[in-house]
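# 3D model of this:
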Amino acid sequence: MSRDRSLLHLSKLDAFRAFCETQGWTNVPVKGTYERLRMTKEGCDPLIVYAKNGAKEHCTVYGTGLHLARDFIKRQRVQKADRNKDSKPA
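Next up, the predicted model:
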């Protein structure tokens with residue numbers, strides 16, 4: 001199973017949770033000290049985001065969460081570009 005240890009920043013975890021909820025995922029309690037986010041959706045493997053204790057910047061995302069994290073980041077970049085385009089004077 002593929003994974004990425006530097007894709008999702010810890011400061012974006014709440015926004016990622018909200019994004020996943022709009023995609024039909026349900027937040028459930030985490031298990032253990034390394035889990036930072038656990039979500040479920042019927043018919044899918046659980047989405048789990050991990051981070052080492054004391055991690056300062058990034059968490060580990062893999063499996064289903066990896067695809068959602070990439071989509072989340074892509075959408076954030078588009079929204080940021082749109083905001084920057086709208087805020088520039090003509």
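
# May I see the buried residues of stretch 22-41?
W25, R36, L37, R38, M39 (16 or more other Cβ atoms under 10 Å). C-beta coordinates here come from the backbone N, C-alpha and C atoms, glycine included.

# Help me confirm that the last one is found in a strand?
Right, M39. Yes - assessed by DSSP: H, G, I helix; E, B strand; the rest coil, M39 belongs to a strand.

# Could you tell me which residues make contact with it?
R17, C20, E21, W25, T26, N27, V28, P46, L47, I48 (Cβ atoms under 8 Å, 6 or more residues apart in numbering).

# ok, which pair from these is furthest apart?
Using Cβ to Cβ, the two most remote members of the contacts of M39 are E21 and I48, lying 15.5 Å apart.

# more neighbours, the two?
I48 (21 against 12; other Cβ atoms under 10 Å).

# Contacts only, for the closest residue in space to that one that isn't next to it in sequence.
The shortest distance from I48 to any non-neighbouring residue, by Cβ to Cβ, 6 or more residues apart in numbering, is to R38 (5.2 Å). Neighbour list for R38: N27, V28, P29, V30, K31, P46, L47, I48, V49 [criterion: Cβ under 8 Å, 6+ apart].
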